[in-house]
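A.B. asks: Okay, predicted coordinates and the sequence, questions at the end:
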Amino acid sequence: IYAGEALRHLTLDLTSIGEGTDIRASVTDEHGQSLFGGTVEPTAAQVRRSLSAADLPWQLNVTPSSTDASAVFPAERRNYLIAALAAIVLLVGLACYAMARGVLREAAAGQLQSDFVSAVSHEFRSPLTTLRQLTELLAEGRIHEESRRRRYFSVLQQETSRLHQLVEDLLDFGRMDAGRRHQYKFEPLDFSELVQEGIEEYQRQAGANGHNIEIHSDHSRLLVDADREALRRVVRNLLENAVKYSPEAKTVWVETGCERHAAILRVRDEGIGIPPEEKSRIFEKFVRGEAAKKACIPGTGIGLAMVKEIVKVHHGELDLSSEVGHGSTFSVRLPLS
Ligand code: ADP
């Protein structure tokens, strides 16, 4: 029926079926009845041409001989598609993981900051309340006994210096955190003397009463290159923590000495201790231990971050050994000059 030029007019492009695929041809009449090649199920990969050029109302249908759709695609093309799909799934998975991590991190950082703000507010509130109440009493002239008046004035003095200390700590931390505390003044200093000064400074500040500080020093002269103010802060912070986190035990121990060409400071307490999973985290800024929060022990979570930074600037090492319920020992090791 169809030959030569007429067949070329059909322009049968079989690429959609797939090169090298066996094909099946059928001819149907105008009612869709099969005239040749049997009934063929219509598929997506089908080429249809009207045979009207030969004045026939019939249709020529060409389909892949296999009914399996996958046979339509050559093997390498299929593999390529599978690999591309796997890569897309992997990429989407990775992107989801990175996003979830980022969101969780941001949430944790936000939580730490809001904890810090509420801890600082709390630290300010109690001395301010005391100040307000006592000044009211004194201003209204309701305290007549001289001895009580003097006692109240001394409380006022203590609370004011506590507030002052808190503000100084926060400012110092802010400078350190912003990397602006570069004014360390290094000079050769006697380590034991420095520690002694730090202890005295701590004892002068408010809230230092009630604990016995036992000092062990081998009295040898240990010269270190250090910033006096910064190292006093290290001693003060470690002592403050040892006392604060030992509500039951009333003694804390401070030891200085020389080990392997380094000056050593150890501050030991028999307090609540620190669980292993918190040991490295508590040196990060704003991080407070769960036990400290549960026991409502006041604090802002910046003390150890400052200690860590100062020890690092002095090329020293900071170490912690602790057991929950038995106490903690913080050790600072500084190279001898
Ligand atoms: P703060 O004491 O203001 O909370 P720090 O940075 O000084 O902040 O300490 C961080 C956390 O480390 C504390 O909240 C506490 O959980 C824990 N910690 C520090 N020192 C001790 C200690 N001597 N004994 C038990 N826990 C401690």
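C.D. replies: All right, it came through fine.
A.B. asks: What's the local residue count around the closest residue to residue 128 other than its chain neighbours?
C.D. replies: Closest residue in space to residue 128, ignoring its immediate chain neighbours: residue 163 at 7.4 Å, by C-beta to C-beta, 6 or more residues apart in numbering. For every residue, glycine as well, the C-beta is placed using N, CA and C. Neighbour count for residue 163, taken as other C-beta atoms under 10 Å: 17.
A.B. asks: Could you pull up the mean pLDDT of the lengthiest helix in the chain?
C.D. replies: For the chain, the longest helix by residue count, based on DSSP state H, is helix 75-139. Averaged over helix 75-139, pLDDT sits at 92.
A.B. asks: buried residues in the next helix or strand after that helix?
C.D. replies: Going down the chain from helix 75-139, the next helix or strand is helix 146-177, by DSSP states H and E. Of all the residues in helix 146-177, those buried under the rule 16 or more other C-beta atoms under 10 Å are 152, 155, 156, 158, 159, 162, 163, 165, 169, 172, 173, 176.
A.B. asks: cool, stretch 130-145 as well?
C.D. replies: Buried residues in stretch 130-145, counting neighbours by 16+ other C-beta under 10 Å, are found at 130, 131, 134, 143.
A.B. asks: Apart from its neighbours in sequence, what residue is nearest the second one?
C.D. replies: Of all residues not flanking residue 131 in the chain, residue 159 sits nearest, at 5.5 Å (C-beta to C-beta, 6+ apart).
A.B. asks: Present the buried residues of helix 146-177 as CSV; the columns should include pLDDT.
C.D. replies: Below are the buried residues of helix 146-177 laid out as CSV (pLDDT from 0 to 100):
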residue, pLDDT
152, 92
155, 90
156, 92
158, 86
159, 88
162, 86
163, 91
165, 87
169, 88
172, 88
173, 89
176, 85
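A.B. asks: circling back to that earlier point, pick the one among the buried residues of stretch 130-145 closest to the ligand.
C.D. replies: Using C-beta to the nearest ligand atom, residue 130 comes nearest to the ligand of the buried residues of stretch 130-145, at 19.8 Å.
A.B. asks: Get me the contact residues on the stretch 1-150 of the chain for the ligand.
C.D. replies: Within the stretch 1-150 of the chain, no position is adjacent to the ligand by C-beta under 6 Å from any ligand atom.
A.B. asks: For the residue nearest to residue 128, give me its contacts.
C.D. replies: 124, 127, 128, 131 (C-beta atoms under 8 Å, 6 or more residues apart in numbering).
A.B. asks: outside of the helix or strand harbouring residue 332, which residues touch it?
C.D. replies: Assigned by DSSP H and E, residue 332 falls within strand 327-335. When contacts are defined by C-beta under 8 Å, 6+ apart, strand 327-335 is touched by residues 191, 224, 226, 234, 238, 241-242, 245-246, 249, 259, 261-271, 273-274, 307, 311, 314-322.
A.B. asks: swap the cut-off to 6 Å and go again
C.D. replies: 224, 238, 262-271, 273-274, 311, 314-322 (C-beta atoms under 6 Å, 6 or more residues apart in numbering).
A.B. asks: Is it possible to mark the buried ones in those?
C.D. replies: Among those, the ones that count as buried by 16+ other C-beta under 10 Å are 224, 238, 262-271, 273-274, 311, 314, 316, 318, 322.
A.B. asks: just those that are near the ligand?
C.D. replies: Applying C-beta under 6 Å from any ligand atom to these, one finds that 269, 271, 273, 274 fall near the ligand.
A.B. asks: got CSV for those, with pLDDT too?
C.D. replies: CSV is the format used below for those (pLDDT from 0 to 100):
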residue, pLDDT
269, 96
271, 94
273, 95
274, 96
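A.B. asks: Output those residues in JSON lines; the columns should cover secondary structure and distance to residue 195.
C.D. replies: Below are those laid out as JSON lines (DSSP: H, G, I helix; E, B strand; the rest coil; distance: C-beta to C-beta, whole Å):
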{"residue": "269", "secondary structure": "strand", "distance to residue 195": "16"}
{"residue": "271", "secondary structure": "coil", "distance to residue 195": "20"}
{"residue": "273", "secondary structure": "coil", "distance to residue 195": "23"}
{"residue": "274", "secondary structure": "coil", "distance to residue 195": "22"}
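A.B. asks: Many thanks, have a good one.
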